[in-house]
Every structure is written in C-alpha cells, then in structure tokens.
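J.: Mind looking at a prediction? Sequence and model below.
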Amino acid sequence: MRGLDLEKRMMRWFAVPLFTGSVLGATALRAQDSCTACHGDRAMAASLASDSALAALLFVDPAAYRASVHGQLGFTCTLCHQGISDYPHGPVVPVDCAACHTQAGQELAQSVHGRPHPATGANPATCADCHTGHQIFRSSDPRSTVNRLTQFEGCARCHSDAERMRRFGQEDTATVQSYLTSVHGRGLLEKGLTIAPVCTDCHGERGTGAHEILPTSDSASPMSRARVVDTCARCHGGIKAAYDQSVHGAMFAGGNPDVPTCIECHTEHAVQPVASAASSVYPTHIAQTCTACHDREDLNDRYGLPTERRRTYLGSFHGIALEAGQLTVANCESCHGSHRILPSTDTASSVHPANLQTTCGSCHPGIGAGVAEGRVHIASVREDINLFAYGVQWLYYLLIAGIVLFAVSMISLDQYRHWVVDPRRRRPSHG
Ligand code: HEC
Ligand code: HEC
Ligand code: HEC
Ligand code: HEC
Ligand code: HEC
Ligand code: HEC
Ligand code: HEC
Ligand code: HEC
Ligand code: HEC
Ligand code: HEC
Ligand code: HEC
C-alpha cells in the first residue's frame, strides 16, 4: 500500500502462499474469484493488514461491487487492476480509467484537477477522488457520488479541507458552505429544484461540466469575468436581456473592467433570494453594494461621475427613514432600477427628469411634475431645504404680520374711541 515500507509488505506476503495453497488451491482460479478470496472477505482482509485502516482499504465488498455500473457489466477486477497474474501479487499498477473512458481522460488532463499543480507537482484530483473506485454508478443514479443532489459532498472532501487546499495555495475553504446556504443550494436541497445550479453547472461547460473545470482566472472558464454573465444567463436569460441594455451591461460588452457583472451585485456562492434580509441587494444592504464602486474616488474621477452617493442618499428623507428602520422608502433600486440602469441624461432612464414623476409617483401618487426640479442626492435634508432658515423665515413672516396687525388694531381702536365712544372730544365746547 501507499506509504508502507517493503519490510511490512514482505511480512504480509509470508502468510499468502500458505493461504492460497491450502484454502484455494494454487492454480486455475478465475481472476475474479482469486481476488475476492482475499479481498472480498472482511476477516481475511483484516488478517492480511497490519492495521484497521489498511484492512478497510483491502476489503472490497463483492456485493457492493457487483451493484456498481462496472460490476453490472460483469467486469472482472483485472479489467481495471491490470498486470496481476500470479500470487502473491506484487505492487499493482495504478488504475487507468482513461484507457476506456478516453474522452473523460482527455478533458480531465486539460482541467485544473487533472494537470500537475506547480506547487506540488501532483495532480489535484484523480477519477477515483470524485467517482470512487468500486462504487461507481451512472450520474443519474442517486447512489452515485456525482449525482446532482450529492455532488457537492465530493467537492467538499477537498474544497472544505483547509489543510489539503493550502498545499495547493488555495485559502478559500468556505465555498461549499456558502453554496449550501444560498438560494441555489437551498433551491436544490430544500425545494428539490433539480434545475437549480450545482457546482459543475456554473464551473463547467453545459452538459459535460465536471471534467473541464478551469481556474476562474482563466478566460476560458465559464465563471471567468468574460463569461460569467452568459453562464448565469443559461438560466436567467431574461435578466441578461435587461442587463445588456443598461449602462453597466453595454460597457461590459465593450470589455470595460470597472462595471459590475451579476456577481458584483449578487455575490458568487452566497447568492441570496432578493427578498431575504441577507441579500446584498436587500434595502438595508443595497446602498453598500452600489457604493462599493460609486463612492470610489478613482472611479468617479475616471468617469466624471458625482461623488458621495452613499452619504447623499443616507442624508436624504429616504435614507434617514431607512436608517430608522422603514424599509418601504426609496433605495438605489427604487429610483434607478436593478438591471436596466441608465444615466439620468438618457431619456429612457427612470431618473431622467421627464420620467421622475412616474418613478417617484409609484410611491407618492399625485406627486407634481415639479419633482424634476428638486434635488434627490442631497447631503442632508436640512442642507437642502434649510429648516433653520425656513423656520426663521416663517418667524419673520409671523412677526411682521403680528406687528402690522398690532399697529392696525391700535390705530383702529384709537379711531373708534375718537369718533364713536367719545365724540364730544371731537367738538370740544368753547364756552
Ligand atoms: C492471496 C491473497 C490475495 C489475492 C488472491 C489478491 N490479493 Fe491483492 N493484495 C493482497 C495483499 C496482502 C495486499 C496488500 C499488499 C501490501 O501490503 O501492499 C494486496 C493489495 C492489493 C491492492 C493494493 C495495492 C497497492 O499497491 O495499492 C490491490 C489494488 C489489489 N491487491 C488488487 C488485487 C486484485 C485485483 C486481485 C485479483 C486479481 C488481488 N489483489 C488478489 C492479497 C491478495
Ligand atoms: C472500474 C475499475 C475498478 C474495478 C473494476 C475494480 N477496482 Fe479496485 N480499485 C480501483 C481504483 C481506481 C482503486 C484506487 C482507489 C483509490 O485511489 O481510492 C482501487 C483500489 C483497490 C484496492 C486497494 C485499496 C485502495 O483503496 O487503494 C483493492 C484491494 C482493490 N481495488 C481490489 C479490487 C477488487 C478485488 C476488485 C474486483 C472485485 C476491484 N478492485 C475492481 C478501480 C477498480
Ligand atoms: C472533479 C471531480 C471529477 C473528476 C476528477 C472526474 N469526474 Fe467524472 N464526473 C464527475 C461529475 C460531477 C460527473 C457527472 C456529470 C456532470 O455533472 O457533468 C461525472 C461524470 C462522468 C462520467 C459519466 C458521464 C455522465 O454524463 O454520466 C464518466 C464516464 C466519468 N465521469 C468518468 C471519469 C473518468 C474516467 C475520470 C478520470 C479521467 C473522471 N470521470 C474524473 C466528476 C469528476
Ligand atoms: C475496461 C474499460 C473500463 C475501465 C477501465 C473503466 N470503465 Fe467505466 N465504464 C466502462 C463501460 C463499458 C461503461 C458503460 C458505458 C455505458 O453503458 O454507457 C462504463 C461506465 C462508467 C460510468 C457511468 C457512465 C454513464 O454514462 O453514466 C462511470 C461514471 C465510469 N464508468 C467511471 C469509470 C471510472 C472512474 C473508472 C476508473 C476508476 C472506470 N470507469 C474504468 C468501461 C470502463
Ligand atoms: C451560481 C454559480 C456557481 C455555483 C453553483 C458554484 N460556483 Fe464556485 N464560483 C462561482 C463564481 C462566479 C466564482 C468566481 C468568483 C470570482 O471571480 O472571484 C467561483 C469561484 C470558485 C472557486 C475559486 C476560488 C474561490 O473560492 O473563490 C472554487 C474553488 C469554487 N468556485 C468551487 C465551487 C464548488 C465546490 C461549488 C459547489 C459546492 C461551486 N463552486 C458552486 C460560481 C459558482
Ligand atoms: C481530490 C481533491 C479535489 C476534489 C474532489 C475536487 N477538487 Fe476542485 N480543486 C482541487 C485543488 C487542489 C484545486 C487547486 C488547483 C490549482 O489551484 O491549480 C482545485 C481547483 C478547483 C477550481 C478552480 C479554483 C480557482 O482557483 O479558480 C474549481 C472551480 C474547483 N476546483 C471546483 C471543484 C468542483 C466543482 C468539484 C466537485 C465536482 C471539485 N473541485 C472537486 C481539489 C479537488
Ligand atoms: C448593478 C447591480 C446588479 C447587477 C449587475 C445584476 N443585478 Fe440582479 N438584481 C439587482 C437588484 C438590486 C435586484 C433586486 C430587484 C428587486 O428588488 O426587485 C436584483 C434582482 C435579481 C433577481 C431576482 C428578480 C427579481 O426582481 O426579483 C435575479 C434572478 C437576478 N437579479 C439575477 C441577476 C443576474 C443573472 C445578473 C447578471 C446578468 C444580475 N442579476 C445582475 C442588482 C443587480
Ligand atoms: C442552472 C440554472 C441556474 C444558473 C446557472 C444560475 N441560477 Fe440563479 N437561480 C436558479 C434557480 C432555479 C433559482 C430559484 C431558486 C429558488 O427560488 O429557490 C435561482 C435564483 C437566483 C436568485 C434569487 C432570485 C430571487 O427571486 O430572489 C438570484 C439573485 C440568482 N439566482 C442569481 C444568479 C447568478 C448571479 C448566477 C450566476 C453566477 C446564477 N443565478 C446562475 C437557477 C440558476
Ligand atoms: C463594480 C462597480 C459598480 C457597481 C457595483 C455598480 N456600478 Fe453603477 N457604474 C459603474 C461604472 C464603472 C459605471 C460607468 C460610468 C460611466 O460610464 O459614466 C456605472 C454607471 C452607473 C450609472 C450611470 C452613470 C452615468 O451618468 O453615466 C448609474 C446611474 C449607476 N451606475 C447606478 C448604479 C446603481 C444604482 C448600482 C447598484 C444597484 C450600481 N450602479 C452598481 C460601476 C458600478
Ligand atoms: C429617490 C430616488 C433616488 C435614490 C433613492 C437614489 N438615486 Fe441616484 N439619482 C437619482 C436622480 C433623480 C439622479 C439624477 C439627478 C441628481 O443627481 O440628483 C441620480 C443620480 C445618480 C448618479 C449620477 C449619475 C446619473 O445618472 O446622473 C449615480 C451614480 C447615482 N444616482 C447612484 C445612486 C446610488 C448608488 C444610490 C443608492 C445609494 C442612489 N443613486 C439612490 C435618484 C435617486
Ligand atoms: C419605493 C417608494 C418610494 C419612491 C420610489 C420614492 N419615495 Fe419618497 N418616500 C417614500 C416613503 C415611504 C417616504 C416616507 C418617509 C418618512 O416616513 O419620512 C418618502 C418620503 C419622501 C419625502 C419626505 C416628505 C414626505 O413626504 O414624507 C420626499 C420629499 C420624497 N419622499 C421625495 C421623493 C422623490 C422626489 C422621489 C423620486 C425621485 C421619491 N420620493 C421616490 C417612498 C418612496
């Protein structure tokens, strides 16, 4: 076995001739029978092994093997384990699945899993790492380790193992866990939506995904920046149609590296339902998601865009109400839209002056056309309307009105007394 020294191997082979001679007879065994005589019996396998871990490996359950796709085909052990002719047998040559499965073999050899890793010189994954050696079933069979519903478990054996992945320079071991709690993972496992994406739907080519997985940094990967929008659109085609019309989508199509693709707004593995409080586009998170770019000075300089979108939003009536927990107020999405975002100068934009009455009117029915004149991104409500000046102004109005009223009433009272109450004083007697 791997890692066993020669001495131990010799010790074990010592028992073998005895065994073969007395129990089975030395010759004329069909290969299948000869293998299971030693490997198909748990007690025998244990007696051949130095420890329980090795015993477990040396034991191959004949019934389980017979149920597998190759067992069903009546394959003998030696179709895979070649070069064993006499017993005790020497170290066996590694199984070459690709000898029969040439296409899978060729594809894997080009993929991130099937080519030697520069740091270790080893191939990250073999056929058996994903398929096992003896419990192989068709992928449509629920017992298969690569069935849609259980595929992630096989990936997790490596991708959730920090120590193993570190050897290959991979630090992120949260991918599988993020996926399991995402709208996609839950859709698959809780809602039973078999159309929800599994790992290989996103990371592989359509149909034959698993063997062609590439690093996401490789532009040929379906999850590379160049291709991610089209890959999400395999299922979300309608969203892509809207995105393509947006300023973001149009610039993306032109190869711009600064605009968002689906994953900058939704994340990659942790995609949440948009109505979930955990979603990156939920009212309480969306300002952060958009302003991760729109408050970047370098970006605003480069495109001549106005700055401080977050502060000017949070300082507005809507922002203040949102901070106070009112989720029904306008957020970036309510005014700008989500996928078909356009500059306010574009007549088709929801924030073009001509369309503001409709946009604001969806929440403020009856709002006047004058809304187009008001500023929306204001650093603070007070700064815009200037409540203090507003108040002082009204105070003056009241004061002036009061003074005028006071003066008028004083004069009237005086005249009243003069003409009505005491008319004699008007005509003073002279005699
Ligand atoms: C007489 C008992 C016996 C028979 C029969 C036998 N084996 Fe083994 N086999 C062993 C022992 C003992 C070992 C452990 C050798 C070691 O320690 O490396 C072993 C190891 C193996 C290994 C693991 C070797 C490695 O280097 O990883 C494979 C695979 C294997 N046997 C396949 C077969 C196949 C296939 C057959 C039938 C063609 C067969 N064996 C027949 C006793 C037997
Ligand atoms: C479809 C090909 C295939 C067939 C058929 C097959 N094996 Fe294997 N076997 C493998 C592979 C692959 C491995 C290595 C597993 C691994 O690396 O985890 C293996 C490993 C083993 C081992 C060593 C244990 C280990 O995990 O290293 C033994 C023993 C063994 N096989 C015995 C048998 C016996 C007995 C049969 C027939 C009943 C058989 N094999 C049929 C593919 C096959
Ligand atoms: C990284 C894991 C992984 C590795 C490594 C891997 N496979 Fe697969 N294989 C899968 C998955 C997952 C499927 C299921 C089909 C799919 O989702 O694309 C599959 C499907 C298959 C199929 C059946 C095609 C089908 O549609 O059912 C064969 C045959 C196959 N693999 C053989 C191999 C061989 C041979 C190797 C080694 C050269 C290998 N695989 C290596 C994961 C892997
Ligand atoms: C001696 C040739 C041979 C070897 C070696 C072999 N297989 Fe197969 N395998 C077959 C044949 C034949 C089928 C049945 C194909 C069919 O019916 O579509 C099959 C079926 C499969 C299937 C199911 C295919 C499907 O369409 O669902 C998988 C998965 C698979 N093999 C994986 C492996 C792996 C992994 C290895 C190595 C551990 C291996 N095979 C070694 C010949 C071989
Ligand atoms: C909805 C599509 C989607 C699904 C499903 C998906 N991924 Fe990813 N994955 C991505 C995207 C997009 C990236 C690239 C992110 C980037 O560009 O940085 C990625 C990156 C990765 C990476 C590269 C390093 C890292 O962690 O960022 C690994 C490894 C990975 N995914 C494994 C998996 C595994 C394992 C599964 C299944 C449990 C899975 N992915 C499911 C979309 C997906
Ligand atoms: C036997 C261990 C093993 C298994 C099983 C395995 N992987 Fe990997 N995978 C690796 C290693 C190691 C790397 C890193 C290789 C590298 O960086 O060159 C890797 C790389 C990747 C990458 C590219 C990461 C990047 O840098 O962009 C993706 C995507 C990926 N695997 C997805 C999967 C999926 C999906 C499955 C299950 C179908 C799976 N892996 C099964 C070991 C494994
Ligand atoms: C600029 C950020 C942004 C980009 C880029 C983006 N989205 Fe969205 N997406 C959103 C927002 C915000 C919502 C929430 C809309 C709502 O609440 O009605 C959303 C909602 C969704 C929904 C749910 C539909 C709904 O309205 O309930 C899906 C599905 C979706 N996006 C997928 C995608 C896909 C696929 C892409 C890439 C083609 C993408 N998104 C690109 C921001 C974005
Ligand atoms: C294989 C098909 C498939 C692929 C590929 C896919 N999705 Fe999905 N997605 C779904 C399904 C199905 C649902 C609905 C799950 C549910 O409702 O439980 C969904 C749900 C969503 C939602 C939540 C929608 C809502 O109403 O809240 C978002 C956001 C989303 N996907 C984004 C993406 C992004 C981003 C990508 C690419 C990285 C992507 N999806 C790739 C099938 C897919
Ligand atoms: C990954 C970075 C990024 C994210 C995230 C992002 N944007 Fe953009 N956005 C850009 C870039 C770059 C432009 C192009 C600027 C240009 O050409 O004027 C742009 C353009 C715009 C424009 C048009 C500006 C103009 O006048 O040309 C609006 C409006 C806009 N984004 C709103 C949003 C909203 C709302 C969100 C969140 C739902 C968002 N953006 C998320 C990078 C981003
Ligand atoms: C109440 C509606 C409303 C909300 C909420 C809102 N905006 Fe705006 N936004 C507008 C209007 C109207 C304009 C154009 C006039 C102006 O600048 O005031 C604009 C202008 C912009 C611009 C300048 C580019 C252009 O098209 O003129 C960007 C970038 C922008 N908003 C991003 C955001 C982001 C990011 C958020 C969330 C933090 C957000 N907006 C929230 C209505 C809104
Ligand atoms: C998504 C729904 C929504 C949209 C779209 C929306 N608002 Fe509002 N707005 C609200 C809600 C709810 C309040 C009440 C906040 C509070 O309790 O103070 C509010 C409050 C206001 C206020 C504070 C005075 C008042 O009536 O309480 C002004 C001014 C305002 N909105 C203007 C606008 C303008 C201008 C637009 C378009 C550019 C707009 N709103 C778009 C939901 C919306």
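T.: Yep, it's here. Keep in mind that what you see is a predicted model, and the values were worked out from it rather than measured. Ligands and ions are numbered 1, 2, ... in the order given.
J.: can we go C-alpha only for contacts and neighbour counts from here?
T.: Noted.
J.: Could you double-check that Gly187 sits in contact with Ala196?
T.: Yes. Gly187 lies in contact with Ala196 (Cα atoms under 8 Å); the separation is 6.0 Å.
J.: all helices of the stretch 101-250 of the chain, in order?
T.: 102-110, 127-131, 151-159, 162-166, 175-180, 183-189, 199-203, 228-232, 237-245, 247-253 (DSSP state H, counting those that start in this stretch).
J.: Relative to ligand 9, which of the ones you listed is closest?
T.: Ligand 9 sits nearest to helix 247-253 of all these, at 5.7 Å, using Cα to the nearest ligand atom.
J.: Does the following helix or strand past that closest one reach ligand 7?
T.: Next helix or strand after helix 247-253 toward the C-terminus (DSSP states H and E): helix 262-266. Yes. Helix 262-266 is in contact with ligand 7 by Cα under 6 Å from any ligand atom, via Cys262, Cys265.
J.: wait, which of the helices of the stretch 101-250 of the chain is closest to Cys80?
T.: Closest to Cys80 of the helices of the stretch 101-250 of the chain, according to Cα to Cα: helix 127-131, at 12.0 Å.
J.: What parts of the stretch 301-431 of the chain come near ligand 6?
T.: Residues of the stretch 301-431 of the chain lying near ligand 6 (Cα under 6 Å from any ligand atom): none found.
J.: Number of residues surrounding the residue in the stretch 301-431 of the chain that ligand 9 sits nearest to?
T.: Nearest residue of the stretch 301-431 of the chain to ligand 9, counting by Cα to the nearest ligand atom: Pro343, 3.8 Å away. For Pro343, the neighbour count with other Cα atoms under 10 Å is 15.
J.: Three-state assignment for it, please.
T.: coil (DSSP: H, G, I helix; E, B strand; the rest coil).
J.: excluding its backbone neighbours, what's nearest it?
T.: Of all residues not flanking Pro343 in the chain, Ser349 sits nearest, at 6.3 Å (Cα to Cα, 6 or more residues apart in numbering).
J.: pLDDT value on the one you found, please?
T.: We have a pLDDT of 96 for Ser349.
J.: quick one: contacts for Gln151?
T.: Listed by Cα atoms under 8 Å, 6 or more residues apart in numbering, the contact set of Gln151 reads Thr145, Val198, Cys199.
J.: Okay, helices next: where are they in the stretch 301-431 of the chain?
T.: With DSSP H, counting those that start in this stretch as the definition, the stretch 301-431 of the chain shows helices at residue ranges 309-314, 317-323, 332-336, 356-361, 381-385, 387-416.
J.: So which bits of the first one are buried?
T.: Counting neighbours by 16 or more other Cα atoms under 10 Å, one finds that the buried residues in helix 309-314 are Arg309, Arg310, Arg311, Thr312, Tyr313, Leu314.
J.: What is the burial count for the nearest residue to Val183 once chain neighbours are set aside?
T.: Excluding its sequence neighbours, the residue lying closest to Val183 (Cα to Cα, 6+ apart) is Gln272, at 4.9 Å. Using other Cα under 10 Å, the number of residues around Gln272 comes to 24.
J.: Quick check: the gap between Gln272 and ligand 4.
T.: Plainly put, Gln272 is 32 Å away from ligand 4 if you go by Cα to the nearest ligand atom, to the nearest Å.
J.: same question, Ile286
T.: With Cα to the nearest ligand atom as the criterion, Ile286 and ligand 4 are 44 Å apart.
J.: And that residue, how far from His184?
T.: 20 Å (Cα to Cα, to the nearest Å).
J.: per-residue confidence for Arg9?
T.: For Arg9, pLDDT reads 43.
J.: er, Asp422 actually
T.: 73.
J.: Equivalent analysis for His89, please.
T.: Value for His89, per-residue pLDDT: 86.
J.: How many residues are close by it?
T.: Number of residues near His89 (other Cα under 10 Å) recorded here: 11.
J.: what kind of secondary structure is it in?
T.: Following three-state DSSP, we place His89 in the coil state.
J.: Export stretch 55-68 to CSV, keeping only CA atoms.
T.: Taking C-alpha atoms only, stretch 55-68 is exported to CSV below (Å, rounded to 0.1, in the frame of the first residue of the first chain):
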residue,chain,number,x,y,z
ALA,A,55,-7.8,-3.7,6.5
ALA,A,56,-10.7,-1.4,5.5
LEU,A,57,-8.9,-0.5,2.3
LEU,A,58,-8.0,-4.1,1.4
PHE,A,59,-11.6,-5.2,1.8
VAL,A,60,-13.7,-4.8,-1.3
ASP,A,61,-17.4,-5.7,-0.7
PRO,A,62,-18.2,-8.1,-3.5
ALA,A,63,-22.0,-7.4,-3.4
ALA,A,64,-21.4,-3.7,-3.5
TYR,A,65,-19.0,-4.0,-6.4
ARG,A,66,-21.5,-6.2,-8.3
ALA,A,67,-24.1,-3.5,-7.9
SER,A,68,-21.8,-0.9,-9.5
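J.: touching ligand 2 at all, that stretch?
T.: Yes. Counting by Cα under 6 Å from any ligand atom, ligand 2 is contacted by stretch 55-68 at Leu57, Leu58, Val60, Pro62.
J.: Using JSON lines, please lay out these together with secondary structure and pLDDT.
T.: Below are the residues of stretch 55-68 next to ligand 2 laid out as JSON lines (DSSP: H, G, I helix; E, B strand; the rest coil; pLDDT from 0 to 100):
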{"residue": "Leu57", "secondary structure": "helix", "pLDDT": "89"}
{"residue": "Leu58", "secondary structure": "helix", "pLDDT": "92"}
{"residue": "Val60", "secondary structure": "coil", "pLDDT": "95"}
{"residue": "Pro62", "secondary structure": "helix", "pLDDT": "94"}
